Every structure is written in C-alpha cells, then in structure tokens.
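Peer 1: I'd like to go over a predicted model; first the sequence, then the structure.
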Amino acid sequence: SAVISQKPSRDICQRGTSLTIQCQVDSQVTMMFWYRQQPGQSLTLIATANQGSEATYESGFVIDKFPISRPNLTFSTLTVSNMSPEDSSIYLCSVDLAGSYEQYFGPGTRLTVT
Amino acid sequence: KNQVEQSPQSLIILEGKNCTLQCNYTVSPFSNLRWYKQDTGRGPVSLTIMTFSENTKSNGRYTATLDADTKQSSLHITASQLSDSASYICSTDSWGKLQFGSGTQVVVTP
C-alpha cells in the first residue's frame, strides 16, 4: 500500500494569489496524479506528473494555471495560480503502484478562494 | 456528459439496515470497475475492484456486483453501521484512464 500526505490540509486565499500544494508518498512511485473535486461533482484529473519529465495535462487544464513539479519519486507539488473563486475546490494527490490496480489518494487540500 | 452516473445522489438509512447503490456507465471498453468510500475531509479509499469478467466481489459488509452486458454495477451495504456514513464513488478504469461518478452520499442514523 501507499501512504500519502498533503500540505496544507486547507487554506483560505484571496483572489489573484497563488497556492502551492505539496504531496509526499511513503514509497517511490513512477506516476503521481493531481485531481480536483468540486462540491457535488466527480473527481476530475488535472494532470499526471512523471519524475524527470513535463507533466501531462488533461483537456481544460493548462500549465500556466496549474504548474506542477516532480523533483523525485516520492514528492510532487501543484500550484494553483492567479486564483479566482471558481478554483475553490478540494485538490487530491494520487498514486498507483506498479503491478497493482489499486490507486491511493491523499487526504486532500480544501481550498477556498475569496 | 459524465460517462459514469450514480444513483441515488443521497440516501438516509437506519443503522442495521441494508442499502444498495447504483452505478451506470457508458465507458467501453474498460479493464476494471472500482468502488471507493470517501469520508468527509478524507481522500477516497478503495473498497472493491472488479475486472470486466467478474460478477461480484465482497469486502466485509460491502458487496459489489457488475453486469458488463447492461453496463451496471451496484454496491450493497449489509447491516449498516454509523461509520458507513460517507460518499461512495464508482469509477471505471479504461486501461489507466479513470472516470469517476459524482458519488452517493450515505447517511446512517441511529
């Protein structure tokens, strides 16, 4: 299994500012995923972060708005840039383990933009 | 349009009773279907994973079924407990591409 921690757990930010969310995994993983979960809606994949290469973004998400770093096999960051109230959401980090169907999620970061 | 639809959106059940949650999907083909439990303020935790060739899978008081012909899955909770209060999310895995439903919010009352 994998144990994932995220920082911060929640934050309230002002419009126009940026927030960086950290994700730490207790084992080395190839791929890390960043999701957004808006109230009452399904989880939406933002991007896939591979160590040593540029993140791959899903349709509707761009690097300028959601830059991602992946400096090693156990850590990643997601920055939400130039925030607006529409960015208020839960942001989740996730990993899957090689050879397993299982996908593990972090506890999430609850972001409120005022 | 979401390719994974769940019903009901929410339900309230008495402690000790059973309930069944539904998941209809249009994703095809897919390699496996998953059910997750998400407690408030936590990330989703996997309950069951079924490949397309499996019909049923149990995890304690949780039993998931899959009908690949009708593209329907269900999650049955037996003898509900207060700790079962959570959101239950259905997800299809199309060879690494996950699609999620918006979840069923279950509230178990004493």
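Peer 2: It's in.
Peer 1: Can you tell me which residues in chain B are near chain A?
Peer 2: Contact residues (Cβ under 8 Å from any Cβ of the partner chain) of chain B with chain A: B:2, B:4, B:31-32, B:34, B:41-46, B:49, B:89, B:91, B:93, B:98-103. No exception for glycine: its C-beta is placed from N, CA and C like everyone else's.
Peer 1: among those residues, which ones are buried?
Peer 2: B:4, B:32, B:34, B:43-44, B:46, B:49, B:89, B:91, B:93, B:98-103 (16 or more other Cβ atoms under 10 Å in any protein chain shown).
Peer 1: what's across from whichever residue of chain A sits closest to chain B in the sheet?
Peer 2: Across chain A, the shortest distance to chain B (Cβ to the nearest Cβ) belongs to residue A:105, at 3.2 Å. On the basis of DSSP bridges, residue A:105 is bridged to residue A:94.
Peer 1: ok, now the one 5 residues further on?
Peer 2: Using DSSP bridges, the beta-bridge partners of residue A:110 come out as residue A:10, residue A:90.
Peer 1: wait, doesn't it sit right on residue A:13?
Peer 2: No: contact between residue A:110 and residue A:13 fails when scored by Cβ atoms under 8 Å: they sit 11.3 Å apart.
Peer 1: The closest residue to chain A within chain B in helix, strand or coil?
Peer 2: Minimum separation of chain B from chain A (Cβ to the nearest Cβ) falls at residue B:43, amounting to 3.2 Å. Following DSSP: H, G, I helix; E, B strand; the rest coil, residue B:43 is assigned to coil.
Peer 1: Can you tell me what sits against the worst-scoring helix or strand of chain B on mean pLDDT?
Peer 2: Ranked by mean pLDDT, DSSP states H and E, the weakest helix or strand in chain B is strand B:97-100, scoring a mean of 88. Strand B:97-100 is touched from outside by A:42-45, A:103, B:2-4, B:25, B:27, B:89-92, with contacts defined as Cβ atoms under 8 Å, 6 or more residues apart in numbering or on different chains.
Peer 1: check which helix or strand covers the most centrally placed residue in chain A.
Peer 2: Centroid-nearest residue in chain A, with Cα atoms, centre = their mean: residue A:34, separated by 3.3 Å. Take DSSP states H and E as the rule and residue A:34 turns out to sit in strand A:31-37.
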